[in-house]
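> What follows is a predicted structure for the sequence shown.
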Amino acid sequence: MWSKSGKTEAANKTANQDLISISKYYNKLAYFHNSYIEIVDPVATEKTWVKTPVGFFSVKQN
């Protein structure tokens, strides 16, 4: 989702879907709502890239 140039590429999604992207390169979390960046915050990731999980995960609301 993130390139080394610092630009983001939002995934194709239907309206009213949210996306959370975590950049291990920049240690940043980006929250997209309806294809617009709402929040960018620093996050902690593992020292080595191997130990930080990579993939797509669901976030469920109770």
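Ah, there it is.
> State the distance from the nearest residue to Phe32 once chain neighbours are set aside to Val54.
In space, and not counting its chain neighbours, Phe32 is closest to Leu19: 4.2 Å by Cβ to Cβ, 6 or more residues apart in numbering. Bear in mind the C-beta positions are built from the backbone N, C-alpha and C, glycine included. Relative to Val54, Leu19 is positioned 15 Å away (criterion: Cβ to Cβ, to the nearest Å).
> between those two, which one's more packed in?
Neighbour count, other Cβ atoms under 10 Å: between Leu19 and Val54, Leu19 has more, with 17 against 9.
> Just list what whichever strand or helix holds the more buried one packs against, helices and strands only.
Element membership of Leu19 [criterion: DSSP states H and E] is strand 18-23. Strand 18-23 is packed against strand 28-33, with contacts defined by 3 or more Cβ pairs under 8 Å, 6 or more residues apart in numbering; DSSP states H and E.
> relative orientation of the helix or strand bottoming out on mean pLDDT in the chain and strand 28-33 in degrees?
Lowest on mean pLDDT, DSSP states H and E among the helices and strands of the chain sits strand 18-23, with a mean of 86. Calculated by axes from the mean of the first three to the mean of the last three Cα atoms, to 10 degrees, strand 18-23 forms an angle of 160 degrees with strand 28-33.
> buried sites along strand 18-23?
Leu19, Ser21, Ile22, Ser23 (16 or more other Cβ atoms under 10 Å).
> Check stretch 44-52 too.
Using 16+ other Cβ under 10 Å as the test for burial, stretch 44-52 gives Thr45.
> which residues touch it?
Here stretch 44-52 makes contact (Cβ atoms under 8 Å, 6 or more residues apart in numbering) with Ile22, Lys24, Asn27.
> what do you get if the cut-off is 6 Å, keeping everything else the same?
The contact list for stretch 44-52, computed with Cβ atoms under 6 Å, 6 or more residues apart in numbering, reads Lys24, Asn27.
> Perfect, that will be all.
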